[in-house]
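K.L.:
next one to model:
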Amino acid sequence: MDERKTPRQRPAREPETLWRRLARWRDAPRQRPADVPRPGPGEESVWDYPRPPRVEAVALRVRVETSGRTLADTTRALRVLETAGAPTIYIPPGDVERALLVPAPGTSLCEWKGRARYWSAQLGERVVPEVAWSYPQPFPEYAQLAAHFSFYPGRVDCFLGDAQAAPQPGGFYGGWVTPGILGPFKGGPGSEGW
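P.N.:
Just a heads-up that it's a prediction; the model follows:
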């Protein structure tokens, strides 16, 4: 008879699903980094934005232009606010020059909003690649963003009121950095865990 001991087996447990991991991460408390100053009058800190993100109306006129052409102009924009990210501006489809946009290859998945598709600007023979994205069928919690377009300030000229937006660091996120919006912002080196 073989008297070798076999390792004790642990009871099987249900594998953790992506949604459980996201819920645990989403519900974890977020703390403002110690070196991030509190905003003053007329300022907002991206560290005071919520997770999951909040959608709200934009009070100012929003314009998007490139090469002297207007891609969008609206007073009905929405903005999405998420912890550590600059506000992302969404423009209703009726206020976008759809004839100047063509589908770009690829999609991505946002854990909050759903599957995004990308758009390039077609200006005669010239194409400006991946200037915008949209959520054709967002998750129900973000249904108000359906078919709205958001533009990358690093690829086209984006204006909130009279202020031209700068791009959020890193190139992946499409946040609009304008006066009064305080970082630090996710997207740059060292911000992967934000």
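K.L.:
ok, now which ones touch the residue nearest to G174 when sequence neighbours are not counted?
P.N.:
What sits nearest to G174 in space, not counting adjacent residues and going by C-beta to C-beta, 6 or more residues apart in numbering, is Y152, at 4.8 Å. Any C-beta I mention is one placed from the backbone N, CA and C, and that applies to glycine too. Neighbouring residues of Y152 by C-beta atoms under 8 Å, 6 or more residues apart in numbering: 130-132, 158, 167, 174.
K.L.:
pLDDT added to the residues you listed, as JSON lines?
P.N.:
As requested, the contacts of Y152 are exported to JSON lines (pLDDT from 0 to 100):
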{"residue": "E130", "pLDDT": "97"}
{"residue": "V131", "pLDDT": "98"}
{"residue": "A132", "pLDDT": "98"}
{"residue": "C158", "pLDDT": "98"}
{"residue": "P167", "pLDDT": "97"}
{"residue": "G174", "pLDDT": "95"}
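K.L.:
quick one: which of the residues you listed is nearest to T75?
P.N.:
Each of these was scored against T75 by C-beta to C-beta, and C158 proved nearest at 15.1 Å.
K.L.:
how close does that closest one get to R69?
P.N.:
14 Å (C-beta to C-beta, to the nearest Å).
K.L.:
if you count surrounding residues, which of the two has more?
P.N.:
C158 (28 against 14; other C-beta atoms under 10 Å).
K.L.:
the more buried one and W176 touch, don't they?
P.N.:
Yes: in terms of C-beta atoms under 8 Å, C158 counts as a neighbour of W176; the distance is 5.9 Å.
K.L.:
which neighbours do these two have in common?
P.N.:
Residues touching both C158 and W176 (C-beta under 8 Å, 6+ apart): 89, 165.
K.L.:
so where's the chain shaky on pLDDT?
P.N.:
Counting by pLDDT under 70, the chain has low-confidence residues at 1-32.
K.L.:
that one: helices as residue ranges?
P.N.:
18-27 (DSSP state H).
K.L.:
so G175 sits against L81, correct?
P.N.:
No: here G175 does not reach L81: they are 9.7 Å apart, not a contact under C-beta under 8 Å.
K.L.:
beta partners of C158?
P.N.:
Listed by DSSP bridges, the beta-bridge partners for C158 are V64.
K.L.:
same check, this time on R69
P.N.:
T66.
K.L.:
ok, it - contacts?
P.N.:
So R69 contacts 97, 100, 121, 123 (C-beta under 8 Å, 6+ apart).
K.L.:
the last one touches T66, doesn't it?
P.N.:
Yes: between L123 and T66 there is a contact at 7.1 Å, judged by C-beta under 8 Å.
K.L.:
neighbour count for those two, which is higher?
P.N.:
For L123 versus T66, the count of surrounding residues by other C-beta under 10 Å is larger for T66: 18 against 14.
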